[in-house]
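J.: 3D model of this:
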Amino acid sequence: MSIPDFIADAVSHLDNRMGIVLEEVTPERTRGRMPVDGNTQVFGMLHGGASCVLIEGLASVAAVAEVGPGGRAFGVDINATHHRAVTSGWVHGEATAIYIGGRTATYEVVLTDDDGQRVCTGRLTCTLRRPGTHASGTSREPAPSPRHIQS
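T.: This next block holds a predicted model:
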């Protein structure tokens with residue numbers, strides 16, 4: 001899959017260090033995966049913090065796709081519920097938009113193992129800074145109408 005330069009530039013050094021691979025990027029849905037190997041805690045299970053990095057990485061990239069070139073997005077609230085342990089293979093993630101407004105976007109992120117078993121459910125809310133928006137969040141342009149995404 002080809003990812004636009006402005007999206008590739010939004011992938012952090014941490015995402016690269018964790019081995020996150022983007023597979024699909026749209027403002028409404030972003031998919032990717034991360035290896036378990038190298039991202040475990042001392043008992044050999046996927047580290048909960050690694051799950052949160054994948055959650056924030058996927059949802060933030062979707063938010064950057066929403067604001068487009070010249071815009072910025074960053075997480076302001078994250079939560080995660082860990083359901084089961086993973087000790088090998090890949091963790092697959094899908095960030096789905098719940099709400100996209102003028103200044104915020106909220107994503108549900110589901111992480112699964114190679115067998116499709118849910119291992120973690122997370123949610124991330126991002127602040128959106130669209131091109132031409134000042135640090136205060138004000139803009140000369142009207143904010144787009146909010147979109148409540150139906151699942």
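
J.: hey, let's count contacts and neighbours off CA atoms from now on
T.: OK.

J.: wait, what's in contact with Gly19?
T.: 34-35 (C-alpha atoms under 8 Å, 6 or more residues apart in numbering).

J.: for it, phi and psi?
T.: Dihedral pair for Gly19: phi 80, psi 20, per degrees, to the nearest 10.

J.: what's the answer for the one 3 residues further on, then?
T.: The phi and psi values for Leu22, taken as degrees, to the nearest 10, are phi -80, psi 140.

J.: pretty sure it contacts Met34?
T.: No: the criterion here is C-alpha atoms under 8 Å, and Leu22 misses it with Met34 at 9.1 Å.

J.: Who has more neighbours out of those two?
T.: Counted by other C-alpha atoms under 10 Å, Leu22 and Met34 do not tie: Met34 has more neighbours, with 24 against 21.

J.: What about Ile7, how many residues nearby?
T.: Neighbour tally, Ile7, other C-alpha under 10 Å: 17.

J.: ok, which stretches of this structure are helices?
T.: Shown for the chain, the helices assigned by DSSP state H span residues 5-8, 13-18, 48-67.

J.: looking at those helices, which one has the lowest mean pLDDT?
T.: Comparing mean pLDDT across those, the weakest is helix 5-8, with a mean of 83.

J.: Format the helices of the chain as TSV; extra columns: distance to Thr125.
T.: As requested, the helices of the chain are arranged in TSV below (distance: least, C-alpha to C-alpha, whole Å):
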stretch	distance to Thr125
helix 5-8	18
helix 13-18	18
helix 48-67	8
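
J.: what's the most buried one of those helices?
T.: Most buried of the helices of the chain, by mean neighbour count (mean count of other C-alpha atoms under 10 Å): helix 48-67, with a mean of 25.
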